[in-house]
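Engineer: quick one, structure for this:
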Amino acid sequence: MTTKTYDAIVIGGGPGGYVCSIRLGQLKQKVVCIEKEEVGGVCLNWGCVPSKALIATSHTYEKVKNGAGMGLLVDGLRLDPAAMQTWKEGIVKKLTGGVRTLLKANNADLLYGDARVVGANKVQVKTREGQVETIEAKAIVIATGSSTIEIPGFKFDNKQIIGAREAVSLREIPKRLIVIGGGVIGLELGGVYQRFGSDLTVIEATPSLLPGVDPECTAVVEKNLVKHGAKIRKNAMAKGCERNKDGSISVRVEVKDEAGKTLTETHIADVVLVAVGMRPNGAGIGLEEIGVKVERGFVPTDTFGRTNVPSVYAIGDVSGVPMLAHKASKEGEVVAEVIAGHKTAKDWVGIPGAIFTEPEIAVVGLTEAQAKEKGIEARVGKFPFAALGRAMAVNETEGFFKVIADKKTHEVLGVHIVGPSATDLISEGALAVEMHAFLEDIGLTIHPHPTLGEGLMEASMHALGHAVHVVNR
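Structural biologist: Just a heads-up that it's a prediction; the model follows:
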């Protein structure tokens, strides 16, 4: 057994851990990043990036298939799932290779193995080669992320009952797909296979899809799913499943009707995707034994990323919601700077959310309901994509921009977009919320024409009653 000494140990090489390690290296801290699988974590290997590659392919496939109205006539269009997977895997390989290169370039050591915290300043690692190393440091950063949740009655077999990890690697398109969970992961991946031809059924336990998202935005996505043939069952619980002789799976579902009565339904699928969320990976890695507080897998931290044990920090999914890669990366930078002695903290105003459904949804800041809960009288501006020349030109006119602002001061409190490229367009909204911009700041800024971004300018002016290309209230 060998013992090494560092300034910082980062456990986990995902978008929180590798960013934290790189920043520590930039700040001249001697750091080692410990990863048990592959750098990039869930995000690069089987989450954010691979799923977006499949989503982009499915959009292209659908546009070509339905291109006759734009004068695009295509005969014999076919999908090669194996080739698509090979392309996707190439992207993952490039990105993970890039992370390894960046770690090395910034003098951050990378160690593959299974880490366990054995002291406030000590970690033991069982390496891939089977050796045990002890590492000591003044600071330990927990960046262990989260894992897919399984539910009773649906044990993963990695073939027909699967989680998101397997769903991004299917080499056959299921004829019938049941998605359990109408949240972000379920609707993103369910939408991919629906566009590729799967008969889609979504089972959601709550009264609405995408819980927590502006309901007007969610309604646009739900309408699109149903228009393309999806069956949506809300207030529904998947209770179990049985395998049929023909190889299909029967899923038992209990649904509450409008009167509150529970009805039992059976839905048939070839593949069942369980997408009910992610579980934080804070328990069972030695933290409890050294006195670090762990709550249902989460590791609570203060504004500097510290746990209740001063030498131990936590970032990313394991440190609390929202479980977003960009939030993890930002926390990684903050914690690295705290460890290096800089004055910094988690002081952001809003964290944008990006949902790659069809159409896309992107949000930052407060909803109307949240503003009301805070006792803020809000003014709301909206502008539809259907009124944008650019949206018509690309034949994607579903959705709208919505801006929430303080009625008295005109300060922008939230931006919600549902429509084409919403996930790219939200960055302007995020900047507006972060810098405490006013409606006039966006509305009076000249936006290039013809672009989709004009919609945010128009929505801001609509909130002021000055919109030109839509009727003001």
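
Engineer: how close does the nearest residue to V276 once chain neighbours are set aside get to Q124?
Structural biologist: Of all residues not flanking V276 in the chain, G181 sits nearest, at 4.1 Å (Cβ to Cβ, 6 or more residues apart in numbering). In this view, the C-beta of every residue, glycine as well, is placed from N, C-alpha and C. Remark: distance between G181 and Q124 (Cβ to Cβ, to the nearest Å) = 36 Å.

Engineer: neighbour count: these two, which is higher?
Structural biologist: G181 (24 against 18; other Cβ atoms under 10 Å).

Engineer: so where's the stretch 51-200 of the chain uncertain?
Structural biologist: Residue ranges of the stretch 51-200 of the chain with pLDDT under 70: none are present.

Engineer: re earlier: next, the residue nearest to V276: phi, psi?
Structural biologist: phi 120, psi 110 (degrees, to the nearest 10).

Engineer: residues touching it, list them.
Structural biologist: Counting by Cβ atoms under 8 Å, 6 or more residues apart in numbering, G181 makes contact with V202, I203, E204, A205, V274, A275, V276, G277.

Engineer: which ones among these are found in strands?
Structural biologist: If you go by DSSP state E, the contacts of G181 have V202, I203, V274 in strands.

Engineer: list the beta-bridge partners for the first one.
Structural biologist: When bridges are called by DSSP bridges, V202 pairs up with V179, I232.

Engineer: do the same with the last one
Structural biologist: Using DSSP bridges, the bridge partners assigned to V274 are I180.

Engineer: do the same with K256
Structural biologist: Going by DSSP bridges, K256 forms beta bridges with T262.

Engineer: touching, it and P207? I think so.
Structural biologist: No: using Cβ atoms under 8 Å as the test, K256 is too far from P207 to be in contact (9.1 Å).

Engineer: outline the domain layout of this structure.
Structural biologist: The chain breaks down into these domains under automatic domain parsing: 2-148+279-339, 161-274, 353-464.

Engineer: how far is the first one from where the chain is centred?
Structural biologist: In other words, domain 2-148+279-339. Here domain 2-148+279-339 is found 14 Å from its chain centre; the criterion is Cα atoms, centre = their mean, to the nearest Å.

Engineer: which ones are touching the residue at minimal distance from the centre of the chain?
Structural biologist: Geometric centre of the chain, nearest residue: L324, 5.2 Å, by Cα atoms, centre = their mean. Going by Cβ under 8 Å, 6+ apart, L324 touches I351, G353.

Engineer: what about it, distance to V42?
Structural biologist: Per Cβ to Cβ, L324 is found 11 Å from V42.

Engineer: over to L72?
Structural biologist: Remark: distance between L72 and V42 (Cβ to Cβ) = 36 Å.

Engineer: between the two, which has more neighbouring residues?
Structural biologist: V42 (24 against 11).

Engineer: quick one: the more buried one is in a strand?
Structural biologist: No: assessed with DSSP: H, G, I helix; E, B strand; the rest coil, V42 is helix; it does not lie in a strand.

Engineer: okay, now the closest residue to it other than its chain neighbours: neighbour count?
Structural biologist: The shortest distance from V42 to any non-neighbouring residue, by Cβ to Cβ, 6+ apart, is to G145 (5.8 Å). Residues lying near G145 (other Cβ under 10 Å) number 26.

Engineer: contact partners for G145?
Structural biologist: Here G145 is in contact with G12, G14, G16, G41, V42, P280, N281, G316, D317, V318, A328 (Cβ under 8 Å, 6+ apart).

Engineer: distance of it relative to I11?
Structural biologist: From G145 across to I11, the span is 10 Å (Cβ to Cβ).

Engineer: cool, G389 as well?
Structural biologist: Counting by Cβ to Cβ, the gap from G389 to I11 is 51 Å.

Engineer: which one's more surrounded, the two?
Structural biologist: Taking other Cβ under 10 Å, G389 and I11 do not tie; I11 has more neighbours (26 against 12).

Engineer: what pairs with that one across the strands?
Structural biologist: Beta-bridge pairing for I11 (DSSP bridges): I34, I142.

Engineer: could you do P280 as well?
Structural biologist: S146.

Engineer: and it, how far from G429?
Structural biologist: For P280, the distance to G429 - Cβ to Cβ - is 28 Å.

Engineer: isn't A238 right up against S250?
Structural biologist: No: in this structure, A238 is not within contact of S250 by Cβ under 8 Å, at 11.2 Å.

Engineer: and R252, how many neighbours does it have?
Structural biologist: Around R252 there are 15 residues (other Cβ under 10 Å).

Engineer: correction: P211
Structural biologist: Neighbours of P211 (other Cβ under 10 Å): 14.

Engineer: what sits against it?
Structural biologist: Counting by Cβ under 8 Å, 6+ apart, P211 touches G183.

Engineer: Three-state assignment for it, please.
Structural biologist: Remark: P211 carries the secondary structure label coil [criterion: three-state DSSP].

Engineer: coming back round to it: who has more neighbours, P280 and G429?
Structural biologist: More crowded of P280 and G429, by other Cβ under 10 Å: G429, with 29 against 23.

Engineer: which of the contacts of G181 sits closest to G113?
Structural biologist: The closest of the contacts of G181 to G113 turns out to be G277 (Cβ to Cβ; 27.9 Å).

Engineer: please tell me I have it right and R165 contacts T148.
Structural biologist: Yes: between R165 and T148 there is a contact under Cβ under 8 Å: 6.3 Å.

Engineer: the stretch 151-300 of the chain: helices as residue ranges?
Structural biologist: 164-167, 184-195, 215-227 (DSSP state H, counting those that start in this stretch).

Engineer: do you know how far the residue nearest to the centre of the chain is from K372?
Structural biologist: Distance from L324 to K372, by Cβ to Cβ: 25 Å.

Engineer: for E242, same thing?
Structural biologist: Note on E242: its distance to K372, by Cβ to Cβ, is 46 Å.

Engineer: try E254
Structural biologist: According to Cβ to Cβ, E254 stands 33 Å off from K372.

Engineer: which one's more surrounded, the two?
Structural biologist: Neighbours around E254 and K372, counted as other Cβ under 10 Å, are more numerous at E254. The numbers are 16 against 12.

Engineer: not counting its neighbours along the chain, what's nearest that one?
Structural biologist: In space, and not counting its chain neighbours, E254 is closest to M237: 4.9 Å by Cβ to Cβ, 6+ apart.

Engineer: equivalent analysis for D441, please.
Structural biologist: D441 sits nearest to A432 (Cβ to Cβ, 6+ apart), 6.8 Å away.

Engineer: repeat for L72
Structural biologist: Counting by Cβ to Cβ, 6+ apart, V64 is the residue found nearest to L72 once chain neighbours are left out, at 6.7 Å.

Engineer: try G332
Structural biologist: Nearest residue to G332 in three dimensions, chain neighbours excluded: C20, at 3.3 Å (Cβ to Cβ, 6+ apart).

Engineer: phi, psi for the one you found please.
Structural biologist: According to degrees, to the nearest 10, C20 has phi -60, psi -40.

Engineer: just A369 next, same as before
Structural biologist: phi -60, psi -40.

Engineer: need the contact list for it.
Structural biologist: Not one residue lies near A369 by Cβ under 8 Å, 6+ apart.

Engineer: mind redoing it with 10 Å?
Structural biologist: Contacts of A369 were listed using Cβ atoms under 10 Å, 6 or more residues apart in numbering, and they are D214, P215, A378, I404.
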